[in-house]
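A.B. asks: No sequence on hand, only this structure:
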């Protein structure tokens, strides 16, 4: 059997430090980063999107992850993954989407770092939910629990948050 790299996905509400955390963890553990596709896609679209765009984003996210995973042996740190698109779809539109669910089912096995919304909100033109962060976090946690996913919650600011994430990864048997 092929030896696949271990995958960790940072998921959670917007403005909870996923991008920063992925960079720090990849550096600490000598891993590769799968960047978030949605930010570039939405920037190109001028921040305007429709429900059907989430399917395109999910496909592109999985394609990029597959390429990076194929080319690397060390741990992979995903700055979001298709779960984020799935939750985004369900939270924003109040329903699941069978195409996104199918794309989600094609992801390789992974462990999750769920970022708690305890950082100061950082506004930008692509963020939509400054007042619903805890509600979105709870939705993620419910979804991960229902999936039976191996996940840990990451809390704290600065070095405390990084230490929490490193401890979580070590608990999940990478370190």
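C.D. replies: Structure received. What you are looking at is a predicted structure, and each value in this text was computed from that prediction instead of being measured.
A.B. asks: can you pull the pLDDT of residue 175?
C.D. replies: Here, the pLDDT recorded for residue 175 equals 46.
A.B. asks: And the residue nearest the centre of the chain, how far from residue 173?
C.D. replies: In the chain, the residue lying closest to the centroid (CA atoms, centre = their mean) is residue 80, at 2.1 Å. Computed with CB to CB, to the nearest Å, the distance linking residue 80 and residue 173 is 23 Å. To be clear about C-beta, it is placed using only N, CA and C from the backbone, and glycine gets the same treatment.
A.B. asks: Buried residues, stretch 112-127. List them.
C.D. replies: If you call a residue buried by 16 or more other CB atoms under 10 Å, then stretch 112-127 has these buried ones: 112-119.
A.B. asks: I'd say residue 15 and residue 127 touch.
C.D. replies: Yes: applying CB atoms under 8 Å as the test, residue 15 and residue 127 come out as touching, 5.9 Å apart.
A.B. asks: Quick one: end-to-end length of stretch 22-39, please.
C.D. replies: End-to-end distance of stretch 22-39 (CA to CA, to the nearest Å): 15 Å.
A.B. asks: where's it relative to the chain centroid, distance-wise?
C.D. replies: Per CA atoms, centre = their mean, to the nearest Å, the displacement of stretch 22-39 from the mean C-alpha position of its chain is 11 Å.
A.B. asks: who touches that stretch?
C.D. replies: The contact list for stretch 22-39, computed with CB atoms under 8 Å, 6 or more residues apart in numbering, reads 5, 8, 10, 18-19, 57, 60-61, 64-65, 68-69, 71-72, 74-81, 84-85, 126, 162, 165-166, 169, 174-175.
A.B. asks: could you redo the last one with a cut-off of 7 Å?
C.D. replies: Stretch 22-39 has contacts (CB atoms under 7 Å, 6 or more residues apart in numbering) with 10, 19, 57, 60-61, 64-65, 68, 72, 74-80, 126, 162, 165-166, 169, 174.
A.B. asks: Which ones among the residues you listed lie within helices?
C.D. replies: Cross-referencing those against helices under DSSP state H gives 19, 57, 60-61, 64-65, 68, 162, 165-166, 169.
A.B. asks: Buried ones only from these, please, as a ChimeraX command.
C.D. replies: Only the buried entries of these go into this ChimeraX selection, using 16+ other CB under 10 Å:
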select :57,60,61,65,68,162,165,166,169
